[in-house]
Each structure stands twice: as structure tokens, then as C-alpha cells.
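S.K.: Give me the fold of what follows.
(one chain, ligands or ions: 1)
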Amino acid sequence: MSFFKKILSKIPFLKGNEKTESKEQVNLVESGILANISETDSIPSNSLNAVLERILIKKEELDDLEEELIRSDLGVDLAMDFTELLRKELKAQKEIYKDDLQDKLKEFLLGAFTEVKIHRNRAQLSPVSEKLDPFKFSCPENVLTVVMILGINGVGKTTSIAKLAYKYRNSENKKVLIAAGDTFRAAAEDQLRTWAERTGADLIEMPHGSKSSAVVYKAIEKAKNENYDLVLIDTAGRLHNKKNLMEELSKIQEVVKKNLDGQAYHLETMLVLDASMGQNSLIQAQTFNELCEVNSIILTKFDGSSKAGTVFSIAHKLKIPVKFLGVGEKMEDLEEFSPEAFTKKYF
Ligand code: GDP
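M.R.: Residues are numbered from 1 along each chain as shown. Next up is the predicted model:
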């Protein structure tokens, strides 16, 4: 059963309503063309009112719809805003048919992505980024692209760095440098070393416990001197010490900006979120966005069972675009995000 049918089937008023009459049929009844139908005809006259009731949604049913939407992974804000829109339509004497609900929700969700586009086009991340499509990651010629990879441990940060390195090194023939910025996580450094070898990217690492900003400084210097196209910076994901993390992230940004001053570059903060974490991802996005403005998202583990409705709530609430989907554990398992394809798949 599709996502939306499942939602509708849980609403008492609409339950068991798979075989509903079309709007045209209802209009025939309303217009009187079928008014004289007898009890022996295919549409029993005594059930006409019930048919009408089942097809038109009423104000009272919106609470049930809202509840079910909240229970799905779309989240509270989005569910409430959508049903509020429907309430306004009903207040304005507009009739809402069950058949139209799915399209209305789809349109509303796509609207969240449009909001992201409008918002992002206004924001000025750097002179170059103004010209970029907010849902597309691009690594333009003659511009050094620096991406800070953020996210809590375990969401798939290291693997995503490997996937990006692989994609841009192999499919786009870019010169890629990885900076092992989380010097307190020895396992991540080992993993990054292995991935760098496999993907053909280069790696900058420093002894355990070194300052992240020092690693980044070294990476930026190397990138400038040796004409790299893309620098991927691994960062710490320890959210329990927010103040330190905030300082560390802003220091990394400062180092990048200061050392690239006067040359064309694009600096992006990309947050990694795990699709299986549901609405918890919205909280993570909110928290990281407060620590260090997040420009884009990689959603990992989309090959699992989650439909990742949180992506819509993040777009709606925080106006942050998803740029990539992680669809497996291998370095090839990275897909570019498309708002339209994602929305289509969601239903
Ligand atoms: P980190 O702690 O954030 O660096 O996370 P890792 O990159 O080490 O990944 C944690 C686990 O998630 C590993 O077992 C990865 O193989 C797995 N993983 C990462 N991305 C994906 C994905 O897109 N799909 C699946 N199925 N597993 C993933």
C-alpha cells in the first residue's frame, strides 16, 4: 500500500474507501441528473448521502489527518501547516475531495523545496556559490571547492567522504584532497587512510590530538600550491560539547577563508544525516545549523526502509537542501538528489 493510502486508511471517516465514486459521478448526483435513481439501480439512493460524505472531507476529519501525518515521518510542523492550509480552504467554502488530497500534499511538499530554492538564491555564501543550483553540488573549473563534512558519529561521515572523493576523482577527474580534521577519532583516521588509497585521493593527517585548524591549514596550503580542485574536511561529531565544537568549526572556517582570501573558492558546510533516524535528524540539523550554518545535506542509508520524510521538514523549517543520497556501503553508492524524483518516490 502506498504511503498516502496507508495514511488515509487510518482515518476513520475515510477508512475502507478504496472504491470511491469519482467527482464527476458526485457532480452528476448533485446536478440532479441521477436524482431520480431508484433503489434497484446500481447506486442505491439511500447511500448517496453517504457517498457524498465519504468523498468530501470535513473540518472534523482534518484532526485525524493531522494526527496521521504527524505519526508518519513528516513531523509536527509540516503536518500542522498542511492541515492548516486545508482548514483555511474549507473556511473559504472550498470543497476538498479525498481524491485531491494526495496531489495537494505532494504540491505542498514540493513547495517546501521551492522555498529552499528561493531562500538559497537570496543567501550569499561566497561570490561563486550565488550562481549554483541549491540542490546540485558542483565543483567548477578553476575554483577551489572546500567542503566541511559535519555530523554526529555513526551517521556515515567517513563513508560519505569516500563516496564524494571517489565520484569527483574518478567520474570527474578532479584532484581531491581529504583533510582528517577529527584528530581525536583514531578509527576515522585509519578509515580515511584506507578510503584515500582506494579512491585515489590524497590525505592530510596529523598526529592524534593535533588541532583541527592546523590540519586544515596544511590541507589548504597544499591545495593552493598543488592546484587541487576539491578539499573534503572531516570534522568532529561530538555534540555533547557544543561550545568546543562550535569554536572548532568556526576556526576551521576562518582558516579556510583567511588562506583563500583573494582567490576564487567555494566553501560549503555539508551535514551528514542518517535516513533511519527519522525526526531525530531534524533536531540534529537544527543543532548543527545553530553551531555553524549548514549549507547542504547528504542523507545516508536511503537504501534502508526509511522514506526519509524528514527531508521535507528540514526543507520546510530550515531551508536546507539535500544534495546527495547514500544508498549503500560501497564508494559508488552515492546518488544526486532530485526534489521531484524524491517526492515521487515518497508516495
Ligand atoms: P561516521 O562515524 O559518521 O564516520 O560513520 P561511518 O562512515 O563510519 O559509517 C557508519 C556505518 O554506516 C558503516 O557501517 C557504514 O558502512 C554505514 N553506512 C554509511 N553510509 C551508508 C549508506 O548510505 N547505506 C548503508 N546501508 N550503510 C551506510
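S.K.: The strand ranked longest in the chain: partners in the sheet, and parallel or antiparallel?
M.R.: The strand spanning the most residues in the chain, taking DSSP state E as the definition, is strand 265-274. When sheet partners are counted by DSSP bridges, strand 265-274 sits next to strand 144-150 (parallel), strand 296-300 (parallel).
S.K.: Would you mind telling me which of these is nearest Asn173?
M.R.: Comparison of the strands paired with strand 265-274 against Asn173 by Cβ to Cβ identifies strand 144-150 as nearest, at 14.2 Å. Using the backbone N, CA and C atoms, a C-beta is placed for each residue, glycine as well.
S.K.: Is any residue of the closest one near the ligand?
M.R.: No - under the criterion of Cβ under 6 Å from any ligand atom, strand 144-150 makes no contact with the ligand; the nearest approach is 8.8 Å.
S.K.: what sits up against that strand?
M.R.: Contacts of strand 144-150 with the rest of the structure, by Cβ atoms under 8 Å, 6 or more residues apart in numbering, involve 138-139, 157, 160-161, 164, 181, 220, 223-224, 228-235, 237, 249, 252-253, 256, 260, 263-272, 288, 292, 294, 298.
S.K.: Please, a ChimeraX command that selects the buried ones among those?
M.R.: Command for ChimeraX, covering only those of these found buried under the criterion 16 or more other Cβ atoms under 10 Å:
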select :139,157,160,161,164,181,220,223,228,229,230,231,232,233,234,235,237,249,252,253,256,260,265,266,267,268,269,270,271,272,288,292,294,298
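S.K.: just checking, Glu335 touches Val327?
M.R.: Yes - in terms of Cβ atoms under 8 Å, Glu335 counts as a neighbour of Val327; the distance is 5.6 Å.
S.K.: so which residue of the stretch 1-150 of the chain comes closest to the ligand?
M.R.: Ile149 (8.8 Å; Cβ to the nearest ligand atom).
S.K.: which among the contacts of strand 144-150 are in contact with the ligand?
M.R.: Applying Cβ under 6 Å from any ligand atom to these, one finds that Lys157 fall near the ligand.
S.K.: what about Glu335, which helix or strand?
M.R.: When secondary structure is defined by DSSP states H and E, Glu335 falls within strand 334-336.
S.K.: Tell me which strands that strand pairs with, and in which orientation.
M.R.: Sheet pairing here is set by DSSP bridges, and for strand 334-336 it gives strand 322-326 (antiparallel).
S.K.: The partner strand and the ligand, are they touching?
M.R.: Yes - with Cβ under 6 Å from any ligand atom as the criterion, the ligand is reached by strand 322-326 at Gly326.
S.K.: can you give me how far that strand is from the chain middle?
M.R.: 7 Å (Cα atoms, centre = their mean, to the nearest Å).
S.K.: Now do that strand: everything it contacts.
M.R.: Contacts of strand 322-326 with the rest of the structure, by Cβ under 8 Å, 6+ apart, involve 135-137, 156, 159-160, 163-164, 270, 296-303, 311, 314-315, 333-337, 342.
S.K.: Report the buried members of those residues.
M.R.: Among those, those buried by neighbour count (16+ other Cβ under 10 Å) are 135, 137, 156, 159-160, 163-164, 270, 296-302, 311, 314-315, 333-335, 337, 342.
S.K.: picking up where we left off before, which residues do Glu335 and Val327 both contact?
M.R.: Counting by Cβ under 8 Å, 6+ apart, the residues touching both Glu335 and Val327 are Phe302.
S.K.: and the residue in the stretch 201-347 of the chain that the ligand sits nearest to, what pLDDT?
M.R.: With Cβ to the nearest ligand atom as the measure, the residue in the stretch 201-347 of the chain that lies nearest the ligand is Gly326; the distance is 2.7 Å. Turning to Gly326, the model gives it a pLDDT of 98.
S.K.: Bridged to it, which residues?
M.R.: Under DSSP bridges, the residues paired with Gly326 across the bridge are Leu334.
S.K.: So which elements touch the top helix by length along the chain?
M.R.: Residue-count comparison of every helix in the chain, with assignments taken from DSSP state H, identifies helix 98-122 as the longest. In terms of contacts (3 or more Cβ pairs under 8 Å, 6 or more residues apart in numbering; DSSP states H and E), helix 98-122 is packed against helix 3-10, helix 48-55, helix 76-91, helix 310-318, helix 339-346.
S.K.: got the CA coordinates for the helix or strand just after the second one in PDB?
M.R.: Using DSSP H and E, the helix or strand that directly follows helix 48-55 along the chain is helix 61-71. This file holds the C-alpha atoms of helix 61-71, laid out as PDB (Å, rounded to 0.1, in the frame of the first residue of the first chain):
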ATOM      1  CA  GLU A  61     -11.600  14.900   9.800                       C
ATOM      2  CA  LEU A  62      -8.700  17.200   9.500                       C
ATOM      3  CA  ASP A  63      -7.600  16.500  13.100                       C
ATOM      4  CA  ASP A  64      -7.400  12.800  12.200                       C
ATOM      5  CA  LEU A  65      -5.400  13.600   9.000                       C
ATOM      6  CA  GLU A  66      -3.100  15.800  11.000                       C
ATOM      7  CA  GLU A  67      -2.500  13.100  13.600                       C
ATOM      8  CA  GLU A  68      -1.700  10.500  11.000                       C
ATOM      9  CA  LEU A  69       0.700  12.900   9.200                       C
ATOM     10  CA  ILE A  70       2.400  13.600  12.500                       C
ATOM     11  CA  ARG A  71       2.700   9.900  13.100                       C
END
